[in-house]
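Trainee: Provided below are the primary sequence and the corresponding predicted coordinates.
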Amino acid sequence: MKRARNGWLILGTALIWLAGMGISQVAMASTKTPAARQAFHPVVLVVGDSLSAGYGLETGKGWVSLLAARMARQFPAWRVVNASVSGDTTAGGLSRLPALLERDHPAVVIVELGGNDALRGLPLSTTQANLTAMVKQSTIKGARVLLIGMQIPPNYGPAYTQRFAAIFPAVAASERVALVPFFLAGVVNHPNWFQADNIHPTAVAQPVMLNTVWPKLLPLLRAVPLHAVK
């Protein structure tokens, strides 16, 4: 009987040890949060309007598709997720952003919105508040943010156009995030680079738009560690 009791004691100790191993493995697995797992495959999330959705272009010709192709060559560990919607406003982007952040856990968020706000004559204070909220939500989740600045034609009046253009550097400065001052800086002086609506750039302009964004995006990519999880 003594030998039997010793056997049960040994078995019980072994079961407790195995259970502890299982618990510890579960605990270790639980520490690998989505943000940590993304260290191997971090995401660039683009939240924009028709300029980033590739409106009027063949599939794969838009600047975000060109960005994905460039990053596949230079930063193969990364993924580019294009969550841009034609016609979207800053209010629309703000409403969609929480679900996107939860789904993709982006390391970098590119915000390219505001043009449709101005074209619709929406209050500029609302546009600025929405952009600020988007930046804050992204940074709280640990993402680095690149804000894409826009300008509108002068026929909207000098006061409105100047106030609209000033929104983007103001938000970038207050939230301390990177800024592309004017997305179409290398495009607006080429009228033949626009589609018939005179609003949306053609495929010829897309590499120029990418090259406008790239110098501001590159430091953000390089700042993300890819070795956080072994």
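Mentor: Nice, I can see it.
Trainee: ok, now which ones touch Phe168?
Mentor: Neighbour list for Phe168: Gly114, Leu131, Leu147, Ile148, Gly149, Met150, Leu179, Pro181 [criterion: CB atoms under 8 Å, 6 or more residues apart in numbering]. In this view, the C-beta of every residue, glycine as well, is placed from N, C-alpha and C.
Trainee: Highest neighbour count among those residues?
Mentor: Gly114 (31 neighbours; other CB atoms under 10 Å).
Trainee: these two touch, right, that one and Thr132?
Mentor: No: here Gly114 does not reach Thr132: they are 11.7 Å apart, not a contact under CB atoms under 8 Å.
Trainee: which residue sits closest to Trp137 in space, ignoring its chain neighbours?
Mentor: Check again: residue 137 is Gln, not Trp. Leaving aside its sequence neighbours, Gln137 sits nearest to Leu97 (CB to CB, 6 or more residues apart in numbering; 5.7 Å).
Trainee: Please verify my assumption that the one you found contacts Ile140.
Mentor: No: with contacts counted by CB under 8 Å, Leu97 stays clear of Ile140, the gap being 11.1 Å.
Trainee: Of these two, which one has the most company?
Mentor: The residue with more neighbours, out of Leu97 and Ile140, is Leu97; 21 against 9, by other CB under 10 Å.
Trainee: That one sits in which helix or strand?
Mentor: Assessed by DSSP states H and E, Leu97 sits inside helix 90-104.
Trainee: Touching the helix or strand that comes right after that helix from outside, list them.
Mentor: Using DSSP H and E, the helix or strand that follows helix 90-104 in sequence is strand 108-112. Residues outside strand 108-112 that contact it (CB under 8 Å, 6+ apart): 42-49, 51-52, 84, 93, 101, 131, 134-135, 138, 143-148, 150, 183, 213, 217, 220-221, 224.
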